[in-house]
Each structure stands twice: as C-alpha cells, then as structure tokens.
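Undergrad: Fold the following and give me the result.
(one chain, ligands or ions: 1)
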Amino acid sequence: MHSNEILRRRFLAHVGQTSPSPMMTAVERAEGVFFYTPEGKPYYDLVAGVSVSNVGHANPAVVEAIKRQAERYMHVMVYGELLERPQVEYATEIAALLPAPLESVYFVNSGAEAVEGALKLAKRYTARAEMISMRRAYHGSTHGAMSMMGAPEGEEWKNAFRPLLPATKAIDFNDFDQLRQITEKTACVLCEPVQGEAGVREPAPGYLQALRKRCSEVGALLIFDEIQTGMGRTGEMFAMCKYGVTPDIVCLAKAFGGGMPLGAFVSSNEIMGTLTHDPVLGHITTFGGHPVCCAAGLAALRYLLEHNTVAEVERKGALYEELLVGHPQVCEIRRSGLLLAIELGSSEKMFRMMEMFAEDGIMSDWFLYCDTAFRISPPLVISDDEIRDSAAIVRRCLDRL
Ligand SMILES: Cc1ncc(COP(=O)(O)O)c(C=O)c1O
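TA: Okay, the predicted model is just below:
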C-alpha cells in the first residue's frame with residue numbers, strides 16, 4: 001500500500017479527531033509561507049497555523065535558538081521554581097514592549113491556559129465572581145475558556161458540555177449601552193480588541209476606551225485576549241497599542257511561541273502577586289514556559305524587531321485588500337493588518353472555495369462563527385510578490401465560483 005494511504009488510515013484509526021471531515025493533506029516540510037506535501041506540491045499557507053507562524057515556517061533564527069536551547073537543557077523542574085534564562089530574558093523583553101503596568105509575565109502552555117490563568121487571577125484579586133465576555137468571542141476550549149464563549153453563537157458548543165462555570169454572561173461587542181451591565185459585582189471583562197473568530201470585527205471608535213473607563217469605575221479588571229491579535233498581526237506589536245487602551249491583564253499565545261506551544265498572561269506585579277499566597281500555588285503548571293519554547297518565542301520576537309516586520313504589516317494587508325476588492329463575488333473585506341476576512345455572503349460559496357483552494361495549492365480556512373467568509377492571515381514575512389501571486393490564485397478561484 002502507498003505510504004500516504006497508510007498514513008491516512010493510521011491517522012483516522014489512532015489520532016483523535018475534531019470533525020468528521022478532516023482535510024488530510026499530508027505535510028512533508030514547511031518553509032517561509034509554504035508547506036509541501038510528500039509529492040512536493042506547495043501550498044501557500046494563508047492561515048499560518050491560525051496566526052502562529054508570524055515569522056514564517058522554519059525561520060532559521062528560530063530553528064537555531066531551539067537547537068541551542070535543546071542541547072543546553074529542556075525540562076528541568078515545574079514552572080516557577082528555578083532561574084531559567086530563556087524565561088527571564090523573554091519576560092523582560094516582552095514587558096519592555098508592553099505598556100505599563102503590564103510587567104509580570106506568567107508563562108503557560110497554550111491560549112486556553114492563559115485565559116484560565118487570567119480569569120482565576122481576576123477572581124482572586126477582586127474577590128468577585130461574575131465574569132463578562134463578548135458575544136461571538138472565542139477564547140479556547142477548556143471549561144473556563146468555553147464558559148466565556150459569547151452567546152448566542154457559542155451556545156451550540158457550550159450546550160454540549162454543561163454545566164460550565166456559573167456567574168458568566170455575555171454582552172454585545174461594540175454596544176456602548178450594554179457596558180452598564182458591568183457593575184461592582186463584576187470581577188472581569190474578557191475581550192479580544194479585534195474579534196477574530198467572529199470574522200474579523202474591529203472595535204467601534206471609542207468603544208475600547210469606554211470599556212476601559214467602565215471597568216475602572218466599578219473596579220472590574222479588563223482582560224484583553226491578544227492570543228490571535230498579538231505579536232504584530234494587526235500592524236502593531238499588540239492591538240491594544242493601536243487603540244491606546246491598556247488592560248489590567250493581557251493573554252498571549254499562538255505566535256508568542258514562535259511556532260512552539262507557549263502562552264502567557266501578563267499583569268502588574270501588584271495584581272500578579274496575589275497568586276503567590278492564600279493559597280500558595282494558586283495556579284501551577286509543569287511545562288508552562290518550557291525553556292525551548294521560550295527560546296523559540298524570544299528568537300521570533302527579536303526577528304520581528306530586527307527586521308522591522310511589524311511596520312510592513314499594514315501596507316501588506318492593504319495590498320491584499322486592493323488585489324481582491326471589487327471582485328464581483330466579494331461582498332466585503334474586513335481587515336486588521338494582515339488578518340483578513342473575505343466575505344462571500346454564502347457558506348456554500350465559501351466551502352466551494354475551500355475545495356478549489358485545496359486543488360490549487362492554497363491553505364485557507366473559515367471562521368468559527370462566520371462560515372460565509374474565508375481567512376487570509378499569512379506569515380507576516382510574506383513578500384509583495386508572494387502576495388500578488390497568491391492573490392492571483394485566489395482571484396482565479398473566485399472567477400470559477
Ligand atoms: C482569540 C483566541 N483566544 C484563545 C484561543 C485559544 O488558544 P489555544 O488554542 O492555544 O488554546 C484562540 C485560538 O484560536 C483564539 O483565537
């Protein structure tokens with residue numbers, strides 16, 4: 001039997017599945033903005049592992065950092081006990097880039113764990129129970145993060161796993177009036193500064209400022225989920241910098257690990273300090289801040305800074321938009337930096353595009369709460385020629401719709 005066929009059968013038999021219809025394209029290697037099948041067919045990666053591979057696949061600076069750290073030491077002791085240089089250096093450099101007082105970085109393994117840690121920290125610091133999220137928000141798949149999926153779209157997932165966390169409620173993103181629902185009972189409000197899985201929805205002018213003001217008035221902590229928007233995706237290192245609003249806690253993951261699994265929640269020393277006592281070990285993790293993942297994340301961050309990559313993101317995103325806007329099949333393009341939702345107005349059309357993309361060497365995806373639009377969120381290092389070439393393939397697929 002052909003080795004690809006054996007791989008497919010074993011994948012279906014022994015690898016836990018997330019849907020009845022996985023893509024099942026075999027990956028042999030990846031480099032820059034491409035991945036390749038065992039037969040050598042290239043795919044333009046316009047998903048970047050869902051906003052993970054911002055510095056491109058197999059970025060030599062990241063690969064070298066991983067090798068060097070793996071040779072020195074990998075896992076030594078549970079997180080938070082020993083002085084591990086990759087953690088300390090990465091925390092220091094991230095804190096220097098974030099606005100004050102975001103200075104204390106608690107490393108974890110993933111986005112969902114960063115959200116869990118942030119929610120627990122807010123409850124612990126405020127001694128309040130109520131937690132508010134935004135409708136059409138996605139924050140992860142663990143029980144706590146899933147409890148914060150915004151109704152009504154999130155209900156389909158939540159209903160299958162109840163009971164979830166009590167004392168959670170959702171308000172509409174960009175609805176100024178509903179900010180009044182944030183009260184002295186509220187421990188925290190969790191919000192993506194730009195909603196990703198809702199299909200790329202930017203905040204209305206003044207909304208994040210009004211949200212910040214309301215949280216401060218009632219003593220609720222504001223948590224930004226920058227898991228998808230952080231590390232340059234929206235054209236600033238963090239989306240919060242675009243809007244000039246500083247949360248009390250920010251969650252990071254995805255591109256934060258440079259392609260390795262790493263997350264963090266970041267706050268002030270004053271707020272973070274509450275996790276060290278009453279009880280001690282209030283949030284613990286074995287692998288959080290793994291030294292190899294921190295070395296990879298730090299190398300990726302330094303790459304972004306040294307190559308001035310983030311400064312180019314807005315221009316590159318605008319170029320994609322310019323190349324696709326006006327096509328008769330495109331109803332709307334919603335965009336923040338290099339995070340684009342190409343709206344087709346119909347899920348049938350979107351799924352037909354996915355089939356054509358698979359044939360023509362494009363890796364794209366739709367959004368959890370928006371299957372009428374497809375995603376373009378390539379590695380931030382994509383060149384202008386690669387943008388033009390991949391946009392031409394997308395246009396040819398649109399022509400055939
Ligand atoms: C905004 C946002 N928050 C949280 C998560 C969850 O991250 P993870 O899959 O690493 O748990 C995601 C993942 O897509 C996300 O987009």
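
Undergrad: For the stretch 251-400 of the chain, which residues are neighbours of the ligand?
TA: residue 253 (CB under 6 Å from any ligand atom). For glycine as for every other residue, the C-beta is placed from the backbone atoms N, C-alpha and C.

Undergrad: Quickly note the distance from the closest residue to the ligand within the stretch 251-400 of the chain to residue 319.
TA: Here the stretch 251-400 of the chain gets closest to the ligand at one residue, residue 253, 4.7 Å apart by CB to the nearest ligand atom. The gap separating residue 253 from residue 319 is 28 Å, by CB to CB, to the nearest Å.

Undergrad: Between these two, which has more neighbouring residues?
TA: More neighbours surround residue 253 than the other of residue 253 and residue 319, with 29 against 17 (other CB atoms under 10 Å).

Undergrad: does that one really touch residue 260, like I thought?
TA: No: contact between residue 253 and residue 260 fails when scored by CB atoms under 8 Å: they sit 10.9 Å apart.

Undergrad: In the protein, where is pLDDT below threshold?
TA: Applying pLDDT under 70 to the chain flags residues 1.

Undergrad: Can you spell out the domain ranges of it, please?
TA: As assigned by automatic domain parsing, the chain contains the domains 3-54+309-400, 60-306.

Undergrad: Mean neighbour count, those: which tops it?
TA: domain 60-306 (a mean of 20; mean count of other CB atoms under 10 Å).

Undergrad: can you tell me the distance between the two ends of that one?
TA: For domain 60-306, the first and last residues are 14 Å from each other (CA to CA, to the nearest Å).

Undergrad: any idea how far residue 209 lies from residue 277?
TA: 34 Å.

Undergrad: For the stretch 101-250 of the chain, which segments count as helices?
TA: Under the criterion DSSP state H, counting those that start in this stretch, the stretch 101-250 of the chain contains helices at 111-126, 143-147, 155-159, 207-218, 239-243.

Undergrad: so which of these gets nearest residue 98?
TA: helix 239-243 (8.3 Å; CB to CB).

Undergrad: who are the neighbours in contact with residue 312?
TA: residue 380 (CB atoms under 8 Å, 6 or more residues apart in numbering).

Undergrad: Doesn't it lie inside a helix?
TA: Yes: under DSSP: H, G, I helix; E, B strand; the rest coil, residue 312 sits within a helix.

Undergrad: What helix or strand is residue 86 located in?
TA: helix 85-97 (DSSP states H and E).

Undergrad: got it, and residue 43?
TA: Using DSSP H and E, residue 43 sits in strand 42-45.

Undergrad: Show me what that strand is packed against.
TA: strand 34-36, strand 362-363, helix 384-400 (3 or more CB pairs under 8 Å, 6 or more residues apart in numbering; DSSP states H and E).

Undergrad: mind checking which of those is nearest residue 340?
TA: Nearest to residue 340, of the helices and strands packed on strand 42-45 and by CB to CB, is helix 384-400 at 10.5 Å.

Undergrad: Return the closest one as PDB; C-alpha atoms alone will do.
TA: Output in PDB follows, covering the C-alpha atoms of helix 384-400 (Å, rounded to 0.1, in the frame of the first residue of the first chain):
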ATOM      1  CA  ASP A 384       4.900  41.500  -2.100                       C
ATOM      2  CA  ASP A 385       5.500  39.000  -4.900                       C
ATOM      3  CA  GLU A 386       4.000  36.200  -2.900                       C
ATOM      4  CA  ILE A 387       1.000  38.400  -2.000                       C
ATOM      5  CA  ARG A 388       0.500  39.200  -5.700                       C
ATOM      6  CA  ASP A 389       0.900  35.600  -6.800                       C
ATOM      7  CA  SER A 390      -1.300  34.100  -4.000                       C
ATOM      8  CA  ALA A 391      -4.000  36.800  -4.600                       C
ATOM      9  CA  ALA A 392      -4.000  35.900  -8.300                       C
ATOM     10  CA  ILE A 393      -4.700  32.300  -7.500                       C
ATOM     11  CA  VAL A 394      -7.500  33.400  -5.100                       C
ATOM     12  CA  ARG A 395      -9.000  35.600  -7.800                       C
ATOM     13  CA  ARG A 396      -8.900  32.700 -10.400                       C
ATOM     14  CA  CYS A 397     -10.800  30.500  -7.800                       C
ATOM     15  CA  LEU A 398     -13.300  33.400  -7.300                       C
ATOM     16  CA  ASP A 399     -13.700  33.600 -11.100                       C
ATOM     17  CA  ARG A 400     -14.700  29.900 -11.200                       C
END
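
Undergrad: what sits up against that helix?
TA: The contact list for helix 384-400, computed with CB under 8 Å, 6+ apart, reads 33, 44, 46, 316, 319-320, 323-324, 327, 329-330, 342, 353, 356-357, 360-362, 376, 378, 382.

Undergrad: ok, 6 Å please
TA: For helix 384-400, contacts defined as CB atoms under 6 Å, 6 or more residues apart in numbering pick out 33, 44, 319-320, 323-324, 327, 329, 353, 356, 360, 362.

Undergrad: Among those residues, name the ones in helices.
TA: Per DSSP state H, helices hold the following members of these: 319-320, 323-324, 353, 356, 360.

Undergrad: ok, which pair from those is furthest apart?
TA: It's 319 and 356 that sit farthest apart of the ones in helices among the contacts of helix 384-400, by CB to CB, at 22.2 Å.

Undergrad: which SSE is the closest residue to residue 295 other than its chain neighbours in?
TA: In this structure, residue 295 finds its nearest non-sequential neighbour in residue 69, 3.7 Å apart by CB to CB, 6 or more residues apart in numbering. For residue 69, the element it lies in under DSSP H and E is helix 60-72.
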